[in-house]
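> My questions concern the predicted model and sequence given below.
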Amino acid sequence: MDSLIPFTTSGSLVDCVDRKMLVILRDGRKLHGVLRSYDQFANLVLEDTVERIYSGNAFAERWAGLFLIRGENVVLLGEIDLDQEDDVPLRQVEFNLLENYHRRDIATKKQHDEFKAQVLYEQKGFCKEGGEGDGY
């Protein structure tokens, strides 16, 4: 039966249905949930979803429930190995304790990326992201 399904982006997801997945979005969010459905555009439906944030050697989770994700926002989709999921060498903390550190990490990364883009523009002639000719 698997040979009848064309190997395309969405066709390759058929074996992932009803499995716990990690989805990383274009805005940087990391979602863990059970893939319940998808379509030809790789739009995804995740059930029992949590958003996970990281800072240093700690992580925190926030309940998100049912999540509908537009396919163009998916950067990475991967199955979570349930046997190794509990062996993560990070400690879990409350979401509100880690949220400010996570925001600080994001702001620091954004400043670094802006500085890097400015140097590449001034010294190497690369265009700035979001500028003229950018595909997004």
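Received, thanks.
> State the distance from the residue located most distally from the centre of the chain to residue 109.
Note on the chain: the largest C-alpha distance from the chain mean falls to residue 123, namely 31.8 Å (Cα atoms, centre = their mean). Distance, residue 123 to residue 109, by Cβ to Cβ, to the nearest Å: 21 Å. From N, CA and C alone the C-beta is placed, and that goes for glycine too.
> any idea what the residue farthest from the centre of the chain is structurally, helix, strand or coil?
Put simply, residue 123 is helix when judged by DSSP: H, G, I helix; E, B strand; the rest coil.
> Let the chain start at 34 from now.
From this message on, residue numbering opens at 34, which makes the last subject residue 156.
> what comes up buried for the one helix or strand residue 140 maps to?
Secondary structure from DSSP states H and E places residue 140 in helix 128-152. Within helix 128-152, the residues that qualify as buried by neighbour count (16 or more other Cβ atoms under 10 Å) are 128, 131, 134-135, 150.
> burial measure for residue 62, as a count.
Residue 62 has 16 neighbours, counted by other Cβ atoms under 10 Å.
> Same question for residue 75.
Other residues close to residue 75 by other Cβ under 10 Å number 19.
> In space, what's closest to it - neighbours in sequence excluded?
Computed as Cβ to Cβ, 6 or more residues apart in numbering, the closest residue to residue 75 that is not its neighbour in sequence is residue 104, at 3.4 Å.
> pretty sure that neighbour is touching residue 58, no?
No: contact criterion Cβ atoms under 8 Å: residue 104 and residue 58 do not qualify, at 11.0 Å.
> Thanks a lot, see you next time.
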